Structures are given as structure tokens and as C-alpha cells.
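Peer 1: need a structure here:
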Amino acid sequence: MAKRRQKKRTHAGAKNPATPAAINGHANSRDPKSMVIRIGAGEVGSSVSQLATDVRRVMEPGTASRLKERKANRLRDYVSMCGPLGVTHLMLFSRSPAGNTNLRLAVTPRGPTFNFRVERYSLCKDVRRAQRHPKGGGKEYINPPLLVMNNFSSPEANANSKVPKHLESLTTTAFQSLFPPINPQTTPLKSIRRVLLLNREQSPEDDGTFILNFRHYAITTKTVGLSKPLKRLNAAEKLLNSKKGKKGGLPNLGKLKDISEFMIGGEDGQGYMTDGTSGSEAGSDAEVEILETAPRKVLTAKARAAAAAQREAKDDADKVNDNVERRAVKLVELGPRMRLRMTKVEEGLCAGKVMWHEYVHKSKEEVKELDKKWEQKRKEKEARKKQQKENVEKKRAAKVANKKPSADGKDDDSMDVDEDDYDSDMDYDDSFDSEGLAGDAEEQVNEKMEEAGEWEDEEEEIAAG
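Peer 2: Down below sits the predicted model:
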């Protein structure tokens, strides 16, 4: 008789792990999300395409890392998806007919939009090729980088400066909103593995330029104050205590008579270890003291009181904390590098009133005239929306009045709509509105819904609500 099979598999679902955002101290639901896009995917060139890929790597994890653009995609296609996907920022790379590489930073859904010219840039592969010991991609990209901004606001700037004070504040706020805020009380230090540095070049004169240097680094720490033999012994001890248990990293001490020969003369036991040959850090880097985490026993109230009394009895000079370790903080550049020159700031999403321009300066009378034109456009847009709503109401009323039961006894819910009745006397505006759609996009959506039979359900919901 065959042996009865014992069931070893279970159908119980595994518990979902805690989200990385909750572990790292960031708010997961309201974290900013971005999309790095190439406008004209086949026209920007391979270098700009790789630059967009590198910038996506910088913006991880809150970005669309595997986004693939098509030549047929337009800006309105991406903007229409920002709302459903929760995207808060757009970074648009493009190339002008003159060959200039441009970057637009847009805050969705209502702007503003910052236009930059990429004067110089270096890709990540170029940065790694120039380094002797490049930093590989590991756990650094699990968490967003730490944003550091320098010289964004100048003390002598005011409302009448070539770069006004409110423009500096607006730019600072826009870049700060790219990444989730950090709470020092809840964010663990281990989650901060990268730093994004934005440094504004201060011009000697108020020449009206706003230039930013974009740098991306990995944060590494190394133990200081130890010689090279001690570092090798510490690494070997950690390797033996780990689960891997490999012995390949152990130093060969078979030819030595005593451990002191290894500590003084190195692995071969010849010569003497000095400050120049010890391999320890020179101390030029920033050094910090880190308290090593170790498991502690839960003490009772009586034991805690006794331990506190014992600590108070000791002299401060005799106190030595063995758990404190001195480490040197180093920054290893990951790339890419960019030198960005701001040329224009717009109110809307890539199409709106110009708030500031580096080269074009208008008088107060010209500014007032432009404000009148934009106000007229706004009124025309509101009139078009109102007229469209009235047309929809007329169609609904006509449908209710002409509704007749069909031959099988059921009501015929179909509604014949003439496309010319929708905004037949309206001027279509190709510019983007405050919601991120073009002026005629709403009408096109309604027509598609009508053809698919979805508009009838919408009508019933509107009438019921």
C-alpha cells in the first residue's frame, strides 16, 4: 500500500509586510510623485535620453522608473494621467531646433512651470568612469534622497531686483516639494543614503541670472582612528559572526609567531606601522560619533533606580562609553551633473502668463495690457464652459420630451446627439487650462463616451444626484 501523503503546503495567505514608507518615517499616502519625460522621444538624441534615465534614477522611488514614451504621445496625454496616478511634478526634457537642451519643471495641476536651459551636463556613466572607486547601485535608491539647497535666497534681493524676492521663494518651495519632508524624530538615519545638492551660483552683480548646479551623491561612513590591520580583523570578525560564515576574508597569520607582529609590521611581519603606512584616515573628513545599537534587557523599576544611582556615583572624567564609535562621513558622487540656467517662469502648466523672463523685460503699461488679454481669455473660457453646459441640458430635455417606448416594451435610452450642436460657435483653444486639459479635450472626451454608450450612464447619475 502506498504511503499516505502529508500536506506540507498551506493555503493561508502571508501577511503583508509593513510599507517601506511607514518604516522610514515618511508619509506614504501624500508623498510627492514625479514623471521624467522626453518630449519628442525620437528627436532629443541618445545623450538626452540617457540623461532623462539618470534623472529618473535620482528621483526614485517616487517616480515612474519604467516609463516609455512614444513619438505619438503629446504633453496633454501625460497631463491627463497625472490626476488619476497622483503625479505632482513633471520634469520635461526637450531639445530646441537650435540644439539647446531644455528642462521644464512643472507643478501639477495648476503650475507654475520653471523653464531651464541645460548648459552643461555629465551622465552617470561619465562620472563613474572618472572615479577610481565608483559607488555601485544598491540599497541607496530604496529611499528618496536628502535635499540640500544653498544660496537660493540672497539677502539684498527685493521686489524690484532683476531676480525678485518672491521668485526665489517660489523656486525654493517648488524644489522642496519634489521630495517628502523628513521628520527628525521618526526618520531613522539608516534610511538617508543619498543627498541631492542644488547650489545657486551667486553672481557678483545683479545681472538677472539664476544658475543652479545639480549634484547627486551617495552618503558613506567609514571607521576612523583604526589602522589597516585592525580594520581587517574587525571585518573578519563580522564575517565569521554573520550567517554566511565565509573564511576568505581572514588574514593569513600562519607565518607569524605573535599577533603583535601583524599589528606592528603588517601581514608579512616586516617593518613598522606608522601614521603614513597605517591606512587610517587623515582626519580631513567630517567625523561624527555614532552610538552602536545593542540589545538591552528590560529592567525593573528597582533595578533602574540602582543603575541610575551607580551612574551618578561615578566621576564624569572616568566615564567611558564603549558603544560610541567615531566615523568619517564621505560623499561619493553618483551623477548626473547638470548646470541649469533659468530662463522663464510661467503661471500655468506649460502655457500661462509669464511671471518672469531673463531676457524679455516689459514696462508697467505692457504688463497691464497683458493682464487684460489674459483676463479676456479667462472670461471667454468660462463662457465656453457655460455654453457647453447649456447645450448638454438642452439635449437632456429634448431626450426626455421625445422619449418613446420601444417595440419590445422597454424604454429606448439611446440619445442622438449632433456633434455640431456641441460648441458649434466656440473657438477652440489649444493652450492648457488649469485642469491640465486643452480647451477642446473635454468635448472630445464627451464624444468618445457617447460613441461607447457611457454618456447615458453619466446622465442618469447626474439626474439622480
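
Peer 1: restricting to C-alpha, output the strand or helix carrying Asn234 in CSV.
Peer 2: Using DSSP states H and E, Asn234 falls within helix 228-241. What follows is helix 228-241, C-alpha atoms only, in CSV (Å, rounded to 0.1, in the frame of the first residue of the first chain):
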residue,chain,number,x,y,z
LYS,A,228,44.6,48.8,8.5
PRO,A,229,45.3,45.6,10.3
LEU,A,230,42.6,46.4,12.9
LYS,A,231,40.1,47.1,10.2
ARG,A,232,40.9,43.7,8.6
LEU,A,233,40.4,41.9,11.9
ASN,A,234,37.1,43.7,12.6
ALA,A,235,35.9,42.9,9.1
ALA,A,236,36.9,39.2,9.6
GLU,A,237,35.1,39.1,12.9
LYS,A,238,31.9,40.4,11.4
LEU,A,239,32.2,38.0,8.5
LEU,A,240,32.6,35.0,10.9
ASN,A,241,29.7,36.1,13.1
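
Peer 1: what about that helix, distance to the chain center?
Peer 2: Relative to the centre of its chain, helix 228-241 is centred 37 Å away, using C-alpha atoms, centre = their mean, to the nearest Å.

Peer 1: tell me the first helix or strand C-terminal of that helix.
Peer 2: By DSSP H and E, the next helix or strand past helix 228-241 is helix 259-265.

Peer 1: buried residues, that next one. List them.
Peer 2: Going by neighbour count (16 or more other C-beta atoms under 10 Å), the buried part of helix 259-265 is 261-262. No exception for glycine: its C-beta is placed from N, CA and C like everyone else's.

Peer 1: now swap in stretch 336-355 and tell me
Peer 2: Within stretch 336-355, the residues scored as buried using 16+ other C-beta under 10 Å are 336-346, 348-353, 355.

Peer 1: can you list the buried residues in stretch 206-215?
Peer 2: Residues of stretch 206-215 classed as buried: 209-215 (neighbour count, 16+ other C-beta under 10 Å).

Peer 1: and what of stretch 367-382?
Peer 2: In stretch 367-382, counting by 16+ other C-beta under 10 Å, buried: Lys381.

Peer 1: now swap in stretch 385-400 and tell me
Peer 2: Judged by neighbour count using 16+ other C-beta under 10 Å, the buried positions of stretch 385-400 are 388, 391-392, 395, 399.

Peer 1: next one: stretch 120-132
Peer 2: Within stretch 120-132, the residues that qualify as buried by neighbour count (16+ other C-beta under 10 Å) are 121-124, 127.

Peer 1: check the offset of that stretch from the chain's centre.
Peer 2: The answer for stretch 120-132 is 21 Å, by C-alpha atoms, centre = their mean.

Peer 1: can you start the count at 109 instead of 1 from here on
Peer 2: Right, with 109 as the first residue, what we last looked at is stretch 228-240.

Peer 1: straight-line length of it, end to end?
Peer 2: With C-alpha to C-alpha, to the nearest Å as the measure, stretch 228-240 spans 23 Å from end to end.

Peer 1: what ranges do the strands span in this structure?
Peer 2: Applying DSSP state E to the chain gives strands spanning 142-146, 197-203, 209-215, 221-230, 254-258, 302-308, 319-331, 394-399, 432-441, 445-454, 462-465.

Peer 1: as CSV, these with distance to Ile372 and mean pLDDT would be great.
Peer 2: CSV is the format used below for the strands of the chain (distance: least, C-beta to C-beta, whole Å; pLDDT from 0 to 100):
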stretch, distance to Ile372, mean pLDDT
strand 142-146, 55, 93
strand 197-203, 56, 94
strand 209-215, 57, 95
strand 221-230, 45, 95
strand 254-258, 41, 95
strand 302-308, 39, 95
strand 319-331, 20, 90
strand 394-399, 26, 66
strand 432-441, 23, 83
strand 445-454, 44, 94
strand 462-465, 66, 88
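
Peer 1: could these be laid out in a markdown table, adding distance to Pro288?
Peer 2: Below are these laid out as a markdown table (distance: least, C-beta to C-beta, whole Å):
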| stretch | distance to Pro288 |
| --- | --- |
| strand 142-146 | 12 |
| strand 197-203 | 12 |
| strand 209-215 | 15 |
| strand 221-230 | 20 |
| strand 254-258 | 10 |
| strand 302-308 | 13 |
| strand 319-331 | 17 |
| strand 394-399 | 24 |
| strand 432-441 | 22 |
| strand 445-454 | 22 |
| strand 462-465 | 27 |
